[in-house]
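Q: structure, please.
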Amino acid sequence: MQRIRRIVDVAGINTWLDMQPSAVEDALAKIMAADELTPQTRNDYLTACNMFANWMVKKKRTSFNPIVENIEHLEVDEREHRRSLDPEEAARLFAAADAGAAMLGRDRSGNVRWEMTGPTRAVLYRLACETGLRRGAIERLEVGDIDTGSDPNVIIRGVRNTKEKKNRKIPLRRVAADLLRRHFADKLPAAKAFNMPAKWETADMVRADLEAARAAWISAGPTPEDRSKRARSDFLAPVDAEGRRLDFHAMRTTCASWLDHAGVASSVAKRVTGHRNEKTLERHYQRSNFDQARRAVNSMPDLSGPPVVGDYRAGLDDPVQPESESVGLAPTGTDGGEAAQKLAPMLAPDIDFTCLSVSFADSTDDAKNGDGDAPKSLKMSSLGDECRHLTQARVTGIEPATSGSTVRCSNQLSYTLVGIASFRVHRQGPTAE
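A: Got it, this is the predicted structure:
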């Protein structure tokens with residue numbers, strides 16, 4: 001409803017007859033320019049207005065929706081629109097706000113709607129950067145929701161039709177908790193923690209404090225050359241060299257980016273920021289700048305010195321063993337115990353093949369008889385009496401004979417307890433009568 005009211009106020013709409021496409025489109029253009037909105041946010045304003053017009057039709061308060069077919073959505077650019085504050089930028093922003101004058105906003109009648117002193121703005125900015133709270137969530141905060149005791153935390157109470165639909169607790173740093181306790185010492189627990197301005201006025205407030213902080217930083221340059229160099233940089237600038245801007249919601253981006261730079265896993269960081277999806281956190285909130293990229297590159301190993309032989313893949317400093325050296329490997333599946341010592345000789349016996357000879361049966365007689373299908377066999381004979389023990393205590397092999405077709409071949413393996421006694425290969429054929 002806030003977006004619809006904003007369009008109505010800017011367009012000067014008093015009755016439904018004033019809800020003309022041209023008036024709404026002009027109002028969207030003015031709001032987009034004043035608040036420096038992205039095309040996506042401008043489309044969100046248009047969607048809210050369109051939904052209101054559809055509701056009017058549904059309730060039979062009007063016969064048609066004048067918005068839906070007359071105003072088009074803008075094409076959305078997928079590039080980054082916001083950036084995060086560098087820690088030094090944040091510290092200078094807090095200091096500039098704390099030393100700044102009070103800011104206030106008035107309604108059309110000239111009455112003061114909100115007022116915020118410099119120290120209050122400094123506390124507000126710090127709370128937003130360290131908790132990642134949205135502007136709306138901070139606006140609903142009461143003093144009693146902030147626990148500054150031994151376990152400092154902030155209780156966010158869920159509200160329907162908002163992004164904070166469930167209650168959740170965010171831890172506070174000890175320094176921030178002490179600062180909040182002193183700041184809210186004179187307020188009742190049910191009092192509003194911050195008298196927040198409207199959304200578009202919040203952007204103006206942050207922009208004014210950024211301008212004051214940047215001016216103080218530039219003027220603090222020791223030499224004219226240094227001050228000129230600072231003026232050309234995008235330090236504390238509302239928009240950086242990549243077109244990314246700083247506004248109040250950028251402090252939520254700052255919180256997510258600081259957690260990311262500290263090595264906090266996204267599964268933990270989303271408990272602070274309140275995101276349900278880690279991909280949303282990583283895509284839209286975790287940011288880095290060129291200086292951080294430079295520091296990351298400078299942190300790589302220095303290769304200018306003499307080469308060092310080491311297993312960098314494993315992160316070890318021990319020299320890599322030359323590939324030419326053989327390394328003994330323990331038998332897999334065994335532990336070198338008694339069972340392994342008994343099993344290994346049976347499965348892989350050490351055989352002295354010098355006591356065995358293999359010869360083919362003479363097939364001359366078979367050829368003379370014209371029996372081309374006569375079986376041929378491999379015969380195994382010993383070279384001496386010392387091999388007779390190989391024919392004793394024979395155990396049948398591990399593959400059974402193949403049954404079925406008479407033209408199928410099978411291999412029959414026969415073993416002994418200490419070695420191979422024979423190896424016969426034959427082809428089964430029809431029994432000769």
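
Q: C-alpha only now, for contacts and for neighbours.
A: Will do.

Q: quick check: buried residues in stretch 3-22?
A: Residues of stretch 3-22 classed as buried: Arg3, Ile4, Arg6, Ile7, Val8, Ala11, Ile13, Met19, Pro21 (neighbour count, 16 or more other Cα atoms under 10 Å).

Q: among the residues you listed, which ones are in helices?
A: Arg3, Ile4, Arg6, Ile7, Val8, Ala11, Pro21 (DSSP state H).

Q: got the contact list for the second one?
A: Under the criterion of Cα atoms under 8 Å, 6 or more residues apart in numbering, the contact list for Ile4 reads Tyr45, Ala48, Cys49, Phe52.

Q: pLDDT value on the closest residue in space to the last one that isn't next to it in sequence, please?
A: Leaving out its chain neighbours, the residue that sits closest to Phe52 by Cα to Cα, 6 or more residues apart in numbering is Ile4, at 7.8 Å. At Ile4, the pLDDT value in this model is 89.

Q: distance check, Ile4 against Met196.
A: 20 Å (Cα to Cα, to the nearest Å).

Q: and for Ile31?
A: For Ile31 relative to Met196 (Cα to Cα), the value is 20 Å.

Q: select only the buried ones of the contacts of Ile4 in ChimeraX?
A: Typed into ChimeraX, the line below selects the buried ones among the contacts of Ile4, using 16+ other Cα under 10 Å:
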select :45,48,49,52
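
Q: now the contacts of Ile4 in TSV, with secondary structure and pLDDT?
A: TSV is the format used below for the contacts of Ile4 (DSSP: H, G, I helix; E, B strand; the rest coil; pLDDT from 0 to 100):
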residue	secondary structure	pLDDT
Tyr45	helix	91
Ala48	helix	90
Cys49	helix	90
Phe52	helix	91
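
Q: what's the neighbour count on Asn167?
A: Asn167 sits with 10 neighbouring residues when counted by other Cα atoms under 10 Å.

Q: hang on, it packs against Ala137?
A: No - under the criterion of Cα atoms under 8 Å, Asn167 is not in contact with Ala137, lying 11.1 Å apart.

Q: now list whatever residues contact both of the two.
A: Common neighbours of Asn167 and Ala137 (Cα under 8 Å, 6+ apart) are Ile156.

Q: quick one: low-confidence parts of the stretch 51-200 of the chain?
A: 77-80, 158-165 (pLDDT under 70).

Q: doesn't Cys255 lie inside a strand?
A: No - remark: Cys255 does not belong to a strand; assigned using DSSP: H, G, I helix; E, B strand; the rest coil, it is helix.

Q: pLDDT value on it, please?
A: 91.

Q: report how many residues lie close to it.
A: Cys255: 25 neighbours (other Cα under 10 Å).

Q: and Ile71, by the same measure?
A: 14.

Q: from Glu36, how far out is Glu25?
A: In this view, Glu25 and Glu36 are 16 Å apart by Cα to Cα.

Q: out of the ones in helices among the buried residues of stretch 3-22, which is nearest to Ala128?
A: Arg3 (22.8 Å; Cα to Cα).

Q: quick check: the closest one touching Ala48?
A: Yes - in this structure, Arg3 is within contact of Ala48 by Cα under 8 Å, at 6.8 Å.

Q: who touches Ala97 in this structure?
A: By Cα under 8 Å, 6+ apart, the residues touching Ala97 are Gly118, Pro119, Arg121, Ala122, Asp209, Ala213.

Q: doesn't the second one belong to a helix?
A: Right, Pro119. Yes - judged by three-state DSSP, Pro119 forms part of a helix.

Q: so it sits against Asp98, correct?
A: Yes - counting by Cα under 8 Å, Pro119 touches Asp98, with 4.2 Å between them.

Q: who's in contact with Lys169?
A: Lys169 neighbours (Cα under 8 Å, 6+ apart): Asn153, Val154, Ile155, Ile156.

Q: using JSON lines, lay out these together with secondary structure and neighbour count.
A: Shown next, in JSON lines, are those (DSSP: H, G, I helix; E, B strand; the rest coil; neighbours: other Cα atoms under 10 Å):
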{"residue": "Asn153", "secondary structure": "strand", "neighbour count": "19"}
{"residue": "Val154", "secondary structure": "strand", "neighbour count": "22"}
{"residue": "Ile155", "secondary structure": "strand", "neighbour count": "16"}
{"residue": "Ile156", "secondary structure": "strand", "neighbour count": "22"}
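
Q: list just the nearest of those to Arg61.
A: For these, the nearest to Arg61 is Ile156 (38.0 Å; Cα to Cα).

Q: for that closest one, give me its contacts.
A: Ile156 sits next to Ala137, Leu141, Asp145, Glu164, Asn167, Arg168, Lys169, Ile170 when contact means Cα under 8 Å, 6+ apart.

Q: kind regards, and thank you for your time.
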